[in-house]
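Participant: I would like the atomic coordinates for the input below:
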Amino acid sequence: MGLFDKLFGKKEKESLDEGLQKTKEGFFSKITKAIAGKTTVDDEVLDNLEEALVSADVGIDTTIKIIEKIEKRVKQDKYVNTAELNQILQEEIAAILVDAPELSYQDFEIPEGRKPYVILVVGVNGVGKTTTIGKLAHNYKKAGKDVVLGAADTFRAAAVDQLTIWSERVGVPIVKQAMGSDPSAVAFDTVKSAVARNADVVIIDTAGRLHNKLHLMDELSKIKRVIQKVIPDAPHEVMLVLDGSTGQNALEQARQFTATTEVSALSITKLDGTAKGGVVLAIADQFKIPVKYIGVGEKIDDLIIFNKHAFVESLFTITEKLKT
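Facilitator: Numbering: from 1, shown residues only. Sure thing, here's the model as predicted:
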């Protein structure tokens, strides 16, 4: 069993294939149509391919980059035909996706010397942020880790209530205060509690308000400062949650948040309900931030580790379900 098989098992592959079905229906059918009946990769094939990528929400800039690389390879290898184009395309797409600097997250381990491992989660309302936190907590607990949640989105009562429900569902403690409390105070108490409990992982929810970027920046900076009083090198990760079904809007949200705070990881949700899964490529390419997790359903186990090779392979694999 190789590294790929260890990190991405049969169950995960089936979840990915099923979750990407709508994207595959659009993406693969357009790619197939772009090269149908062609024996060589000519300008028409490349134009059709470009159109297919853009329509799958890969984005113009990223699409151009992919096309230019394919053109270069076609010029170098005069014998390239459309049968080989699929393989070349898969390789170039995989090359765009950024690898996470640490592989420990692949089995929900925490990096050595970082206990508790502190994750700040950011993202606008409605993207699946709270659900992602709950699913993350579930996965870490399943991996044998002690987890503490922090409800620092104190501006919405619903956010605290939802996170409380998830904490009860997963069976992990939550630190919270009354609505309108200082978010940094909640974050401070959460980290203090985690240290006292000798917890392994801390996941802190934060408010996602983009209408006032300066306020958001100040709030996140304050949260970082106060938790560093307890753990000097925290937070160890700032995870941005994006709704993949919003396509280019997700790209704009990534632009806003990366300008506001130091995002180090991405989690992209709701890919099971959209044909716009190509936006994963655009986001990874433009911001050079690794996608660590993707959401492919509502069930508690439907947050899966992102493996770029499995993702690309799935995009180019037509299952029996798709053929019917």
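
Participant: who's the one residue sitting closest to the centre of the chain bridged to?
Facilitator: Against the mean C-alpha coordinate of the chain, by Cα atoms, centre = their mean, the closest residue is residue 267 at 2.4 Å. Listed by DSSP bridges, the beta-bridge partners for residue 267 are residue 241, residue 293.

Participant: just list the residues touching it, thanks.
Facilitator: Going by Cβ atoms under 8 Å, 6 or more residues apart in numbering, residue 267 touches 132, 136, 239, 240, 241, 242, 291, 292, 293, 294, 295, 303. Yep, even glycine has a C-beta here, placed from its N, CA and C like the rest.

Participant: cool, residue 132 as well?
Facilitator: 121, 241, 267, 269, 293, 295, 303.

Participant: distance of the second one from residue 305?
Facilitator: Counting by Cβ to Cβ, to the nearest Å, the gap from residue 241 to residue 305 is 15 Å.

Participant: between these two, who's got more neighbours?
Facilitator: Set residue 241 next to residue 305 and count neighbours by other Cβ atoms under 10 Å: residue 241 wins out with 28 against 19.

Participant: the more buried one contacts residue 270, doesn't it?
Facilitator: No: with contact defined as Cβ atoms under 8 Å, residue 241 does not reach residue 270; the gap is 10.2 Å.

Participant: between those two, which contacts overlap?
Facilitator: With Cβ under 8 Å, 6+ apart, residue 241 and residue 270 have common neighbours 127, 128.

Participant: quick check, pLDDT for residue 67.
Facilitator: In this prediction, residue 67 carries a pLDDT score of 92.

Participant: what's the answer for residue 103, then?
Facilitator: 50.

Participant: repeat for the one 4 residues further on
Facilitator: Model confidence at residue 107, expressed as pLDDT, equals 73.

Participant: still on that earlier bit, for the contacts of residue 267, which one is nearest residue 90?
Facilitator: residue 291 (16.8 Å; Cβ to Cβ).

Participant: any idea how far residue 43 is from the closest one?
Facilitator: 32 Å.

Participant: and the two? which has more neighbours close in?
Facilitator: The neighbour comparison of residue 291 against residue 43 (other Cβ under 10 Å) goes to residue 291, with 22 against 8.

Participant: OK, contacts around that one?
Facilitator: Residue 291 touches 97, 98, 265, 266, 267, 268, 280, 283, 284, 306, 308, counting by Cβ under 8 Å, 6+ apart.

Participant: same check, this time on residue 192
Facilitator: If you count contacts by Cβ under 8 Å, 6+ apart, then residue 192 has residue 230 around it.

Participant: per-residue confidence for it?
Facilitator: pLDDT, residue 192: 97.

Participant: what's downstream of the helix or strand where it lies, the next helix or strand?
Facilitator: Assigned by DSSP states H and E, residue 192 falls within helix 183-197. Following helix 183-197 in sequence order, the next helix or strand is strand 201-205 (DSSP H and E).

Participant: for that next one, name the packing helices and strands.
Facilitator: Applying 3 or more Cβ pairs under 8 Å, 6 or more residues apart in numbering; DSSP states H and E, one finds that strand 201-205 contacts strand 117-122, helix 129-142, strand 147-151, helix 183-197.

Participant: tell me the buried residues in the last one?
Facilitator: Think helix 183-197. 183, 184, 186, 187, 188, 189, 190, 191, 192, 193, 194 (16 or more other Cβ atoms under 10 Å).

Participant: my read: the fourth one touches residue 227, true?
Facilitator: Meaning residue 187. Yes: with contacts counted by Cβ under 8 Å, residue 187 reaches residue 227, the gap being 5.3 Å.

Participant: list residues touching both of these two?
Facilitator: Contacts common to residue 187 and residue 227, judged by Cβ under 8 Å, 6+ apart, are residue 204.

Participant: show me where pLDDT drops low in the protein?
Facilitator: Applying pLDDT under 70 to the chain flags the ranges 1-9, 28, 78-79, 100-106, 209-213, 318-324.

Participant: quick one, strands of it?
Facilitator: Here the chain has its strands, by DSSP state E, at 117-122, 147-151, 174-175, 201-205, 237-243, 265-269, 291-295, 303-305.

Participant: now the fifth one, how far from the chain's geometric center?
Facilitator: Taking Cα atoms, centre = their mean, to the nearest Å, one finds the center of strand 237-243 at 7 Å from the center of the full chain.

Participant: with the fourth one instead?
Facilitator: Computed by Cα atoms, centre = their mean, the separation of strand 201-205 from the middle of its chain amounts to 17 Å.
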